[in-house]
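Trainee: Okay, here's the prediction I keep looking at, along with the sequence it came from:
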Amino acid sequence: MGSLEDSERLAPFVAMALGCVHRSYPNQIAHLLRDDSDARPPRALTPVFYGCYDWHSAVHGHWLLARASRVFPDAPFAAPARAALETSLTAAGIAGEVAYLRDRPTFERPYGLGWLFALQAELEDGLAEALAPLTAIARGHLVNWLPKLSSPTRVGTHAQTAFALGLVLDAARTMGDHDLAAIVSARAHDFFAGDHDYPLHLEPGGEDFLSPSLGSADLMARVLAPDAFATWLTRVLPDDAPTRLAPVQSHATRRRIVSRRSARRPG
């Protein structure tokens, strides 16, 4: 289990998730309207994952609650996190999610579905059983889609193929879904095994929160043996990769750093 210091660092993030998983608005949806009956609020369309601004963030928020309460079962936030999960993951709510996702094979694919698998793998006992019907629908969509995908999407935003496949692969292995793990691993080899000379000078893009290059590397680390991965990584990354891969700082972060440095300077 995690340390007290780690749980204290995590607490603000858990509070953030608790504050949004059951909050209806603001909300941004990617929703296909087929007739007037589809014009409903998000909490009616997807009755479990309607909070946190959008569907994938709601799923991710529930994953955070599940992970935090499992790793830190005695932390002050653990009981509220478990209670929030039990409030969300009801049979009726999951049935509503299943009805929505069943005939929408492109919905939240791949990013949101990747987080759904991560959540499924993190849950225990009855909550895992409750979510399983929705994850089964998502599994079917991914298994139908992956063989048809001719090329991966190499961006630093939600559509990135590698990041989502990494989430799915980890979850499939945790859950013992060997067939799904084999499909994902095969597609990872198809998409990325022949890569070389990643253009790190083009990263990051202005909207990136993921690295296209590191996303691919992170996935290949899961499917290649250590020696093979070392050879692959040497081929894809330029010699100056360590300097190009410095963590990105937001404008607000830079301002805080400059402010702290200025405060330390002698007058």
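Mentor: Received the coordinates, thanks.

Trainee: The residue lying closest to Pro110 once chain neighbours are set aside: helix or strand, and which one exactly?
Mentor: Closest residue to Pro110 in three dimensions, ignoring its sequence neighbours and counting by Cβ to Cβ, 6 or more residues apart in numbering: Ala164, at 3.4 Å. (C-beta placed from N, C-alpha, C; glycine too.) Here Ala164 sits within helix 161-175, counting by DSSP states H and E.

Trainee: ok, residues contacting that helix?
Mentor: Taking Cβ atoms under 8 Å, 6 or more residues apart in numbering as the criterion, the residues outside helix 161-175 that touch it are 110-111, 113-115, 117-118, 120-121, 142, 149, 152-154, 177-178, 180-181, 184-185, 187-188, 191-192, 210, 212, 215-216, 218-219, 222-223.

Trainee: List the buried residues of it.
Mentor: Buried residues in helix 161-175, defined by neighbour count with 16 or more other Cβ atoms under 10 Å: 161-173, 175.

Trainee: Just the element for the residue nearest to Leu101 when sequence neighbours are not counted, please.
Mentor: The shortest distance from Leu101 to any non-neighbouring residue, by Cβ to Cβ, 6+ apart, is to Ile137 (5.0 Å). Following DSSP H and E, one finds Ile137 within helix 125-145.

Trainee: Any stretches of the stretch 101-250 of the chain with poor pLDDT?
Mentor: Counting by pLDDT under 70, the stretch 101-250 of the chain shows low-confidence ranges at 250.

Trainee: Which of the contacts of helix 161-175 fall within strands?
Mentor: Secondary structure assignment (DSSP state E) places none of these within strands.

Trainee: Drop anything exposed from those.
Mentor: Burial by neighbour count, judged by 16+ other Cβ under 10 Å, picks out 110-111, 113-115, 117-118, 120-121, 142, 152-154, 177, 180-181, 184-185, 187-188, 191-192, 210, 212, 215-216, 219, 222-223 from these.

Trainee: Grab the nearest non-local neighbour of the spatially most central residue of the chain.
Mentor: When Cα atoms, centre = their mean is applied to the chain, the residue found nearest the centroid is Trp115 (4.1 Å). If the residues on either side of it in the chain are set aside, Trp115 comes closest to Val59, at 4.4 Å by Cβ to Cβ, 6+ apart.

Trainee: Surely that neighbour touches Gln120?
Mentor: No - look at Val59 against Gln120 with Cβ atoms under 8 Å: they stay out of range, at 9.9 Å.

Trainee: what's the nearest residue to Val155 once chain neighbours are set aside in contact with, if anything?
Mentor: If you skip the residues right next to it in sequence, Val155 has Pro212 as its closest partner in space, 6.1 Å away by Cβ to Cβ, 6+ apart. Applying Cβ under 8 Å, 6+ apart, one finds that Pro212 lies in contact with Arg154, Val155, Gly156, Gln160, Ala162, Tyr198, Glu203.

Trainee: burial measure for the residue nearest to Ala91 when sequence neighbours are not counted, as a count.
Mentor: Nearest residue to Ala91, sequence neighbours excluded (Cβ to Cβ, 6+ apart): Ala130, at 6.3 Å. By other Cβ atoms under 10 Å, 19 other residues sit near Ala130.

Trainee: Might one say that Ala130 is in contact with Leu89?
Mentor: Yes - counting by Cβ under 8 Å, Ala130 touches Leu89, with 4.6 Å between them.

Trainee: Which residue ranges of the stretch 51-200 of the chain form helices?
Mentor: Using DSSP state H, counting those that start in this stretch, the helices of the stretch 51-200 of the chain run over residues 55-71, 78-88, 91-102, 111-122, 125-145, 161-175, 178-192.
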